[in-house]
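K.L.:
Quick one: sequence plus predicted model below, questions after.
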Amino acid sequence: MLDLRGRSDVTDYFLICHANSDRQVLAIVDGIEERLARDLDRRPSHVEGRRAAQWVLMDYVDFIVHVFRDERRQFYRLERLWGDAPAVDLSHLTPTARDAGSS
């Protein structure tokens, strides 16, 4: 996750992840949509790229989720493009017991 506050007029954060197949990309996108809708009553204002499943962008206004196929992530290298943005450490987030049982 990149903190873009003060660096972008479009959003505050980018969450960037990747998968090894189209199916995995779509599973991640579906999981994010379902979880944010269920737990936070948040829905994206716009989603693009779902059909091709190579790079899906989910715009939640104050944050944007980018789900790439691994090759696309390596090609576009958003982390390098936004190299001056500090990374947000998410390693402290661990699945809860409830998360482990809900798939």
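P.N.:
Received, thanks.

K.L.:
Out of the helices and strands in this protein, which is least certain?
P.N.:
helix 97-101 (a mean of 51; mean pLDDT, DSSP states H and E).

K.L.:
which secondary structure element contains the most centrally placed residue in the chain?
P.N.:
Centroid check for the chain by C-alpha atoms, centre = their mean gives residue 65 as the closest residue, at 2.8 Å. Assigned by DSSP states H and E, residue 65 belongs to strand 63-69.

K.L.:
Distance from the chain centre to that strand, please.
P.N.:
4 Å (C-alpha atoms, centre = their mean, to the nearest Å).

K.L.:
could I have that strand exported to CSV, CA atoms only?
P.N.:
The C-alpha trace of strand 63-69 is given here as CSV (Å, rounded to 0.1, in the frame of the first residue of the first chain):
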residue,chain,number,x,y,z
PHE,A,63,-8.2,4.6,-2.1
ILE,A,64,-7.7,2.6,-5.3
VAL,A,65,-7.0,-1.1,-5.5
HIS,A,66,-4.9,-2.4,-8.3
VAL,A,67,-5.0,-6.2,-8.9
PHE,A,68,-2.5,-7.2,-11.5
ARG,A,69,-1.4,-10.4,-13.3
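
K.L.:
strands paired with that strand, and their directions?
P.N.:
Next to strand 63-69 in the sheet, as set by DSSP bridges, lie strand 13-19 (parallel), strand 55-59 (antiparallel).

K.L.:
CSV for those, including distance to residue 91, mean pLDDT and mean neighbour count?
P.N.:
Heads up, the C-betas are built off the backbone N, CA and C, glycines and all. Converted to CSV, the strands paired with strand 63-69 look like this (distance: least, C-beta to C-beta, whole Å; pLDDT from 0 to 100; neighbours: other C-beta atoms under 10 Å):
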stretch, distance to residue 91, mean pLDDT, mean neighbour count
strand 13-19, 14, 95, 18
strand 55-59, 22, 98, 19
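
K.L.:
average model confidence for the strand holding residue 65?
P.N.:
Strand 63-69 shows a mean pLDDT of 97.

K.L.:
can you put the strands paired with strand 63-69 in JSON lines and add distance to residue 39?
P.N.:
As requested, the strands paired with strand 63-69 are exported to JSON lines (distance: least, C-beta to C-beta, whole Å):
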{"stretch": "strand 13-19", "distance to residue 39": "16"}
{"stretch": "strand 55-59", "distance to residue 39": "15"}
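
K.L.:
Fine by me, we can end here.
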